[in-house]
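> Make a model of this:
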Amino acid sequence: MFEKYKSRFLAKFFVLSFLFVKFVNKEGGARMEFTNHNNEVSYNQEKKDKREWAIMRLFQSNFPAFPIGRLEKSERPDFLLYAKKKLIGIELTELKYERKDLEFNLRAHEDYLSEIMSGAQEIFEKQSDQILVVDVHFKNELGPSVAMPRDQKSCLIKQGFIERIARIVMDNVPESTGTKYVIDRMSKYGDLNLPSKIEEIHVQNVTGRMTEGLWYAGISTKVKPLSVQSVSQRIEAKNEKLRCYNPDCTEDWLIIIQNSFLMSSFYDPNTAREALQHRYYSEFDRVFVFERSEGQVTELKLRVEKGCK
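I've put the predicted structure just below:
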């Protein structure tokens with residue numbers, strides 16, 4: 001009898017060992033929450049992998065000289081390209097917009113915008129078979145603060161954004177693959193019904209080029225410009241890690257994403273001329289700046305310092 005209960009106890013113990021138990025004191029009582037960290041890590045990794053695959057697809061479609069070969073997801077570096085007679089390691093990195101305002105929860109804002117765009121994409125794709133890349137530029141004074149509780153008012157505001165964005169995109173789908181519309185209040189495809197918090201919406205038809213749509217958002221004002229210093233810092237940080245990457249790679253590429261999917265990577269491309277013309281030290285064989293919003297790929301000039309790979 002003891003052995004039977006012992007076995008049951010051990011089974012339950014091993015199951016619970018995968019769970020993190022935390023107690024939250026609420027209104028004088030203790031509330032027990034179970035968080036499966038394995039599932040959480042897996043979910044976050046899945047989101048990261050999906051975002052990186054999306055960036056790579058966009059980079060490939062905007063860089064005609066991208067070598068033909070088999071592209072595989074990897075770690076250290078992010079991708080391996082099995083091209084003819086060579087193995088290319090490709091690492092992705094983003095230029096982060098750093099705010100010192102401790103009350104501004106940047107990650108929470110990014111999650112909030114991601115929820116809006118996922119909802120709008122779901123509504124659109126239930127009504128259309130067109131595959132789109134949609135980029136919504138919110139004004140800096142987005143509101144409501146996502147630090148506030150997700151009460152009914154906050155949820156209604158978010159749902160309002162979701163439905164308005166889906167409807168505006170539905171009414172402005174580019175007619176042919178490769179065509180891109182910029183929807184604001186003044187252009188040919190202007191829409192006076194744009195929500196006041198939205199600066200503009202970019203819509204590109206990629207039907208036939210990509211297998212799934214990409215909908216994302218960012219803040220369009222008050223952003224840190226691309227600079228020689230910020231690019232140098234990214235290259236130097238990745239130089240230090242290069243020696244830990246796959247030693248079988250015959251070439252190593254670094255792709256620096258500008259205006260990436262997350263608003264904390266948003267920069268003004270108009271101020272980037274000096275940074276793009278500068279010559280950098282790097283242990284990578286090739287370094288690119290990929291301006292995602294405009295689909296522009298710039299290969300940087302390098303003074304290559306080959307270290308230990």
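
> which stretch of helix or strand covers residue 46?
helix 37-62 (DSSP states H and E).

> can you map out the strands along this structure?
All strands of the chain, identified by DSSP state E, fall at 19-26, 29-36, 69-73, 79-83, 86-94, 132-138, 180-183, 198-205, 214-219, 251-258, 279-282, 286-291, 296-299, 301-304.

> Those strands into a markdown table, with extra columns for distance to residue 226?
From N, CA and C alone the C-beta is placed, and that goes for glycine too. A markdown table is the format used below for the strands of the chain (distance: least, C-beta to C-beta, whole Å):
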| stretch | distance to residue 226 |
| --- | --- |
| strand 19-26 | 40 |
| strand 29-36 | 38 |
| strand 69-73 | 27 |
| strand 79-83 | 23 |
| strand 86-94 | 12 |
| strand 132-138 | 17 |
| strand 180-183 | 21 |
| strand 198-205 | 19 |
| strand 214-219 | 15 |
| strand 251-258 | 6 |
| strand 279-282 | 13 |
| strand 286-291 | 8 |
| strand 296-299 | 10 |
| strand 301-304 | 15 |
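
> Tabulate the ones you listed (a markdown table), appending mean pLDDT and distance to residue 232.
Output for the strands of the chain, formatted as a markdown table (pLDDT from 0 to 100; distance: least, C-beta to C-beta, whole Å):
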| stretch | mean pLDDT | distance to residue 232 |
| --- | --- | --- |
| strand 19-26 | 37 | 39 |
| strand 29-36 | 39 | 39 |
| strand 69-73 | 94 | 28 |
| strand 79-83 | 96 | 23 |
| strand 86-94 | 94 | 13 |
| strand 132-138 | 87 | 27 |
| strand 180-183 | 87 | 32 |
| strand 198-205 | 88 | 29 |
| strand 214-219 | 77 | 24 |
| strand 251-258 | 93 | 11 |
| strand 279-282 | 94 | 6 |
| strand 286-291 | 93 | 11 |
| strand 296-299 | 92 | 15 |
| strand 301-304 | 83 | 12 |
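
> from what I can see residue 86 touches residue 248, true?
No: Residue 86 lies out of contact with residue 248 (C-beta atoms under 8 Å); the separation is 10.3 Å.

> More neighbours: which of the two?
Ranked by neighbour count (other C-beta atoms under 10 Å), residue 86 and residue 248 place residue 86 first, with 12 against 9.

> Now that one: closest residue in space that isn't a chain neighbour?
Once flanking residues are discounted, residue 86 sits nearest to residue 250: 4.3 Å by C-beta to C-beta, 6 or more residues apart in numbering.

> For that neighbour, what are phi and psi?
Dihedral pair for residue 250: phi -90, psi -20, per degrees, to the nearest 10.

> Can you give me the domain boundaries for the chain?
2-40, 47-97+224-304, 106-219 (automatic domain parsing).

> residue contacts, the residue nearest to residue 202 when sequence neighbours are not counted?
The shortest distance from residue 202 to any non-neighbouring residue, by C-beta to C-beta, 6+ apart, is to residue 135 (4.1 Å). Residue 135 sits next to 201-202, 216-218, 293 when contact means C-beta atoms under 8 Å, 6 or more residues apart in numbering.

> Looking at those residues, which one is closest to residue 68?
Nearest to residue 68, judged by C-beta to C-beta, of those is residue 293 at 26.7 Å.

> neighbours around the closest one, how many?
Residues near residue 293, counting by other C-beta under 10 Å, number 18.

> and if you look at residue 74?
16.

> what's across from the nearest residue to it once chain neighbours are set aside in the sheet?
Nearest non-adjacent residue to residue 74, counting by C-beta to C-beta, 6+ apart: residue 80, 4.7 Å away. Applying DSSP bridges to residue 80 gives these bridge partners: residue 72, residue 89.

> Over to residue 202?
Beta-bridge partners recorded for residue 202 (DSSP bridges): residue 135, residue 182.

> which residues does it contact?
133-137, 180-183, 293.

> and the gap between it and residue 169?
10 Å (C-beta to C-beta, to the nearest Å).

> Residues that sit against both of those two, list them.
With C-beta under 8 Å, 6+ apart as the test, residue 202 and residue 169 both reach residue 134.

> follow-up on the earlier one: closest one to residue 239 out of the contacts of residue 135, please.
Among those, and counting by C-beta to C-beta, the member closest to residue 239 is residue 293, at 27.0 Å.

> Tell me the pLDDT of that closest one.
If you check residue 293, the pLDDT there is 71.

> surely residue 183 meets residue 198?
No: contact criterion C-beta under 8 Å: residue 183 and residue 198 do not qualify, at 9.1 Å.

> which intervals of this protein have sub-threshold pLDDT?
Scanning the chain for pLDDT under 70 picks out 1-44, 47, 96-107, 140-153, 187-192, 218-225, 259-271, 304-309.
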